[in-house]
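S.K.: no sequence on this one, just coordinates:
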């Protein structure tokens, strides 16, 4: 990327540039996507400054590339337009990359710091170039050439390292040493490495409006939209990544700020096809400032510095609400300057705290100490803070953002707008981005957490907001205004009736949330057929908005405090089995040795557990606990032709009884195991050697027993801890096999005491069951051909 820009600036004094603007813009967009991917892939392993560098330069080149394409297509034709478009972004990234470079030098990352400093210097030179013709473009090209040289040095270092197998290591290129250093420090870094780039993007949008107030640029126009929309798009991405980093409140904050960026871009885009400035809906912005204030209050309990920072956005929303001209007025632009300064300071704190061992205090300790004396408010902390009801998830809960977006989208409805020019009122960004895109994001995250009903509702509602928002406020009704739109809305209402019915089994809050959305859908329908009574919109909005706001507060308080402060209510209809009653089955991640140990303790104490294996999930009980084996037998309603089998972890457990097995059978067991092959062998005295006592009558048939050693390290480790186990499939007799940990509890309910969660099964097919009762006469048969084919047996 830097090489392209260096060539571009070296050749810019020529009449025809070497790389046309449009081509350079497209190349920069491709490179920005690759850079973002590299940063995110790196961050999934450990927090690093490289994440901030990659995402910052990626956002910079994304905006830069689009402006170059606009210039290449002749959209920035007026003299000074290109300069006015470029300067806010260049100024922001000069400071942003300088902050990354300073922290890089302080935290011992010289290569990274050099790259950041060189790009920062190039941006600074480019700003100077726009204002003074005496400075040649070669200075910018030289700075980009430094980036190329540093990158080349690092690449050479890595190539030599691989070719010489670690014998030749250039200074600053040994990643193994760096990794060891990071691991020795442990997880001392900040939990969310994405917060810093997200805050840098707030600087970008603030700089666009701040530059206009300070007279650096002459007007706000189309050329600034790429910066605003690039910042908004990247912030939605950072919102998702923050959920991945289990930082719910910062993710919600980035979701909120991205809406403002899209709205700002829309306002600057509107004058392209209409000469006047768009008007702003006041009620919406007042509600937005309230949501920001509530989020700031909860965020200040996690990090007071971040909470205070969000208060600047509260004042920004109030300033926008007080100004009929919105983003074009001096008041909001003044607050934008304050946002720029505050973002720079908070970014520096986050950047430094990601890498440094000695942290800059953010006031979290003081809040903890203050709340320690309170018996009513106790902060939620620990390993299981973000654990879903069933299993575990890579994402934190996004319901807070989804509820907040419902509030925002509903209050946007109160703006009637001008029927002749619907686009003149700024409603589309709030309805489509907040009600649509961000709620779709919330639904997707809910789906990833196993919340099927909630995700279905959020996704359905988001599609409804997008379609209806574009139709009503995008002036797309046209001649189809009545019948066709009405039919579509009636179909959505039927879907919502199903969601209302299902929410009866979930909780009271969800029932009222889905029920009040029906009022909004009725509003859409009446509007489509020209029969909307005056004031109905406002009434529906207030009812749905208040129920969404209550859900928003309840989700916030339950994610922040132990012992939910605002109840969501009990299900209106109780189901027996899944989710019924207060008892929750313990779900533990299989990747942790401590989880396997806890499952072993439960089995030793007479419990039954669902566990992953080399095939599908199974229900197990310890052989030496007859009560547990009987419980497993009862829970399955075992059919006589599907007897329970016996699992061991090693043939050593059968060594004392080796003399009771024929040499051919013993050799066959040694050759076949560990594998998904169950061998049905004659019942004999060897069963007593496994300490089964009274459990024996429940295992196998009076003549034979199925036995195997599973080819799964988690399962064999568990058997090592507990001893031989009795096994049956984790589903009621006659039903399909269980292929995910979420299905175990769903199928068996309270009959299972704990589930070891290993995600989807490696296979969807059960084991092969081989009849070895007549093996000594040279014959074997098959009760079931599973994953291992007959020929292999």
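M.R.: On my side now, so go ahead. Only a predicted model underlies this, so the values are computations on that prediction, with no experimental measurement involved. Numbering: from 1, shown residues only.
S.K.: so who does residue 195 touch?
M.R.: With contacts taken as Cβ atoms under 8 Å, 6 or more residues apart in numbering, residue 195 has the following neighbours: 242, 247, 250, 306, 350. Every C-beta, even on glycine, is put in place using the N, C-alpha and C of the backbone.
S.K.: Mind checking which of those land in helices?
M.R.: With helices identified by DSSP state H, the entries of those that belong to them are 242, 250, 306, 350.
S.K.: The last one reaches residue 194, doesn't it?
M.R.: Spelled out, it's residue 350. No: the pair residue 350 / residue 194 is not scored as a contact, 9.5 Å apart, by Cβ atoms under 8 Å.
S.K.: Can you give the domain ranges for the chain?
M.R.: Using the TED database, the domain parsing of the chain gives 1-174+192-262+274-288+317-358, 410-560, 586-784.
S.K.: Residue 711: what's it in contact with?
M.R.: Here residue 711 is in contact with 614, 673, 674, 675, 676 (criterion: Cβ under 8 Å, 6+ apart).
S.K.: Actually, residue 210.
M.R.: 88, 333, 336, 337, 340.
S.K.: so how far is residue 334 from the last one?
M.R.: Looking back up the chat, that one is residue 340. Distance of residue 340 to residue 334, given as Cβ to Cβ, to the nearest Å: 11 Å.
S.K.: Which one's more surrounded, the two?
M.R.: The residue with more neighbours, out of residue 340 and residue 334, is residue 340; 24 against 16, by other Cβ atoms under 10 Å.
S.K.: Assign that one to helix, strand or coil.
M.R.: In the three-state summary, residue 340 is assigned as helix, counting by DSSP: H, G, I helix; E, B strand; the rest coil.
S.K.: gap between the helix or strand that contains residue 112 and the chain center?
M.R.: Taking DSSP states H and E as the criterion, the element that holds residue 112 is helix 110-131. Computed by Cα atoms, centre = their mean, to the nearest Å, the chain-centroid distance of helix 110-131 equals 33 Å.
S.K.: Contacts for it, please.
M.R.: Helix 110-131 has contacts (Cβ under 8 Å, 6+ apart) with 2, 5, 49-50, 53, 57, 60, 83, 86-87, 90-91, 93-98, 100-105, 135-137, 139-140, 143-144, 146-147, 150-151, 153-154, 172-173.
S.K.: so how many other residues sit close to the closest residue to residue 93 other than its chain neighbours?
M.R.: Residue nearest to residue 93 in three dimensions, not counting chain neighbours: residue 60, with 4.5 Å by Cβ to Cβ, 6 or more residues apart in numbering. A total of 27 residues lie near residue 60 under the criterion other Cβ under 10 Å.
S.K.: Over to residue 360?
M.R.: Other residues near residue 360 come to 12 when the count uses other Cβ under 10 Å.
S.K.: How confident is the prediction for it, by pLDDT?
M.R.: Note on residue 360: pLDDT of 86.
S.K.: That one is in what secondary structure piece?
M.R.: When secondary structure is defined using DSSP H and E, no element contains residue 360, which sits outside every helix and strand.
S.K.: What of residue 200?
M.R.: Using DSSP H and E, residue 200 falls within helix 195-213.
S.K.: Save the domains of the chain as TSV, and put in distance to residue 373 too.
M.R.: Written out in TSV, the entries for the domains of the chain read as follows (distance: least, Cβ to Cβ, whole Å):
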stretch	distance to residue 373
domain 1-174+192-262+274-288+317-358	23
domain 410-560	17
domain 586-784	32
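S.K.: Could you list the low-pLDDT ranges of the stretch 251-400 of the chain?
M.R.: 375, 382-392 (pLDDT under 70).
S.K.: Quick one: closest of the domains of the chain to residue 398.
M.R.: domain 410-560 (3.7 Å; Cβ to Cβ).
S.K.: avg pLDDT for the closest one?
M.R.: 86.
S.K.: how far does that domain stretch from start to finish?
M.R.: Its start and end residues considered, domain 410-560 measures 26 Å (Cα to Cα, to the nearest Å).
S.K.: returning to that earlier point: confidence score at the residue nearest to residue 93?
M.R.: You'll see residue 60 listed with a pLDDT of 96.
S.K.: what's the strand or helix carrying it packed up against?
M.R.: Element membership of residue 60, judged by DSSP H and E, is helix 49-72. Where contact means 3 or more Cβ pairs under 8 Å, 6 or more residues apart in numbering; DSSP states H and E, helix 49-72 is packed against helix 21-43, helix 81-106, helix 110-131, helix 195-213, helix 225-244, helix 330-355.
S.K.: what's the angle from the shortest one to helix 49-72?
M.R.: For helix 195-213 against helix 49-72, the angle by axes from the mean of the first three to the mean of the last three Cα atoms, to 10 degrees is 40 degrees.
S.K.: And the fifth one, by the same measure?
M.R.: Counting by the same axes, to 10 degrees, helix 225-244 points 150 degrees away from the direction of helix 49-72.
S.K.: Which other helices and strands does helix 225-244 contact?
M.R.: In terms of contacts (3+ Cβ pairs under 8 Å, 6+ apart), helix 225-244 is packed against helix 21-43, helix 49-72, helix 81-106, helix 195-213, helix 248-269, helix 439-448.
S.K.: want to try TSV for these, with distance to residue 767 as columns?
M.R.: Listed next are the helices and strands packed on helix 225-244 as TSV, based on distance: least, Cβ to Cβ, whole Å:
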stretch	distance to residue 767
helix 21-43	37
helix 49-72	44
helix 81-106	54
helix 195-213	48
helix 248-269	42
helix 439-448	30
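S.K.: Could you say which of those helices is packed most deeply?
M.R.: Among those, the stretch with the highest mean neighbour count (mean count of other Cβ atoms under 10 Å) is helix 195-213, at a mean of 27.
S.K.: what's around residue 169, how many residues?
M.R.: When neighbours are counted by other Cβ under 10 Å, residue 169 registers 16.
S.K.: and the residue lying closest to it once chain neighbours are set aside, which of the three is it?
M.R.: Nearest residue to residue 169, sequence neighbours excluded (Cβ to Cβ, 6+ apart): residue 161, at 5.7 Å. Three states are possible here, and by three-state DSSP the one that applies to residue 161 is helix.
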